[in-house]
Structures are given as C-alpha cells and as structure tokens.
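# Pasting the sequence and the predicted coordinates here, then a few questions.
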Amino acid sequence: MALRRILAEVLSDYVEKGYLTVPDALEVAERVLWRNAREVLGI
C-alpha cells in the first residue's frame with residue numbers, strides 16, 4: 001500500500017504543477033502498478 005500512496009502523491013503533485021495531465025498520470029500509474037509486471041511475467 002505504501003507504493004500506491006507514494007505514487008499517488010508524486011503523480012498528483014506532477015498534475016498540480018502541470019508536468020502531467022490527469023490521463024497521463026493515470027497511464028503512468030497503470031504501467032507502474034500493473035502493465036509492466038504483466039508484460040515482464042507474460043500474464
């Protein structure tokens with residue numbers, strides 16, 4: 001759960017500062033939390 005909380009804090013900060021849009025931040029979160037592991041493990 002700590003990873004999710006920290007990731008949410010960082011991404012929300014990036015959105016607030018204009019570095020990322022909300023859709024971009026959601027894409028990053030999905031990649032970090034699910035898609036990268038799925039691709040590496042082949043699931």
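Received, thanks.
# so how many other residues sit close to R4?
Here the number of neighbours of R4 (other Cβ atoms under 10 Å) works out to 11. C-beta coordinates here come from the backbone N, C-alpha and C atoms, glycine included.
# Who are the contact partners of the residue nearest to it when sequence neighbours are not counted?
Nearest non-adjacent residue to R4, counting by Cβ to Cβ, 6 or more residues apart in numbering: L33, 7.0 Å away. By Cβ atoms under 8 Å, 6 or more residues apart in numbering, the contact list for L33 reads 3-4, 7.
# and what of T21?
With the criterion set at Cβ under 8 Å, 6+ apart, T21 makes contact with V15.
# again with K17
When contacts are counted by Cβ under 8 Å, 6+ apart, K17 is found next to no other residue.
# State the phi and psi torsions of the spatially most distant residue from the centre of the chain.
Of all residues in the chain, G42 has its C-alpha farthest from the mean position, at 20.0 Å, by Cα atoms, centre = their mean. As for G42, its main-chain torsions (degrees, to the nearest 10) stand at phi 70, psi 30.
# And it, how far from R4?
In this view, G42 and R4 are 24 Å apart by Cβ to Cβ, to the nearest Å.
# mind checking how far N36 is from I43?
For N36, the distance to I43 under the criterion Cβ to Cβ works out to 12 Å.
# returning to what we had before: which pLDDT value goes with the residue nearest to R4?
At L33 the predicted local distance difference test score is 87.
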